[in-house]
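> Take a look and give me a structure for this.
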Amino acid sequence: MLKHINIEDVIFAARSAGDAILEVYRQDFHVEYKEDLSPLTLADKKANEVITTILESLPVRLPVLSEEGKNIPYTQRRLWEWFWMIDPLDGTKEFIKKNGEFTVNIALIHQDTPVLGVVYAPVLDNLYWGIHGLGAYKNGHRLPLEMPADTRKKLRIVASKSHMNEATAKYIETLSEETEKIELISVGSSLKLCMVAEGSADIYPRLSPTMEWDTAAADAIVREAKKTCVNYRSGEMLRYNKADMTNEWFVVQ
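All right, here's what the predicted structure looks like:
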């Protein structure tokens, strides 16, 4: 299946969604709230429509599972061997704060594993992508990137800007006790996984709930950068298309 997917088509979908998001970002916009009290904007809806339309127009037609269209029953989903999993605007809270730290996430899932991922940060104009067996890239440069030698002298921990909780804080405190020098970096959205993939951060602990579409695209990039995104308790790789699409607590490193 992968050989029939043109990565440039997926990148085009991500960039087109980014353009739609920026149109809203540059204006005053209204914020709605879903049943779980998470925010939703016109940008989420527009980006979802753009991505879905492009993916459904590709020569290879596959099911699309989006955060904004997630109510597909597991009895139907579990029969899918290949499908797209998208988060049209990951980091809506960062979007609302207008700090630029939000992304468009598009992943191709094979059974329970992300095998292709595109993550685009439209304000930063940073594009990450990875394909199983072909490596991972940021703006055309192979990951992980070459980092300055002085970065190896400290443990760089990246954490959520909007979702830091007590369990994660305690885990970071444990790391700080075991390491002579640490640097704590606070960033929004799937950029945290991408930072570990590129080598600008060493570890990203997430000991609080996330959903599969939050991580799938960046997880594919992490894996192709020869890093890992694993269950905090079992040490196993995250699995996707579960009956309950909530991720286990995880650590990326």
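
> Only C-alpha atoms from now on, for both contacts and neighbour counts.
Will do.

> May I see the buried residues of stretch 51-58?
By neighbour count on 16 or more other Cα atoms under 10 Å, the buried set for stretch 51-58 is I51, T52, I54, L55.

> what's the first-to-last distance across stretch 127-143?
For stretch 127-143, the first and last residues are 12 Å from each other (Cα to Cα, to the nearest Å).

> outside of it, which residues touch it?
Stretch 127-143 is contacted by residues 115-121, 126, 144, 194, 197-199, 220-222, 224-225 when judged by Cα atoms under 8 Å, 6 or more residues apart in numbering.

> how about 10 Å then?
With Cα atoms under 10 Å, 6 or more residues apart in numbering as the test, stretch 127-143 has contacts from 2, 7, 10-11, 14-15, 103-108, 114-121, 125-126, 144-145, 191, 194, 196-199, 217-226.

> about what we covered before: dump the buried residues of stretch 51-58 into CSV; add distance to I157, pLDDT and secondary structure as well.
Below are these laid out as CSV (distance: Cα to Cα, whole Å; pLDDT from 0 to 100; DSSP: H, G, I helix; E, B strand; the rest coil):
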residue, distance to I157, pLDDT, secondary structure
I51, 32, 98, helix
T52, 34, 96, helix
I54, 36, 98, helix
L55, 35, 98, helix
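
> and which of the residues you listed is nearest to V252?
Of all these, I51 has the smallest distance to V252: 27.0 Å, by Cα to Cα.

> so what's the residue nearest to the closest one when sequence neighbours are not counted up against?
Using Cα to Cα, 6 or more residues apart in numbering and skipping the chain neighbours, the partner closest in space to I51 is A13 (5.3 Å). Counting by Cα under 10 Å, 6+ apart, A13 makes contact with 7, 19, 47, 50-55, 104, 106, 118, 120.

> If we use 8 Å, what do you get?
A13 touches V50, I51, I54, L55, counting by Cα under 8 Å, 6+ apart.

> Check H163 too.
S208.

> Tell me how far it lies from A169.
H163 is 11 Å from A169, by Cα to Cα.

> Helix or strand: which one has W129?
Using DSSP states H and E, W129 maps to strand 126-131.

> Can you name the next helix or strand after that strand?
strand 135-138.

> From the contacts of stretch 127-143, which land in helices?
7, 10-11, 14-15, 191, 194, 196-198, 217-224 (DSSP state H).
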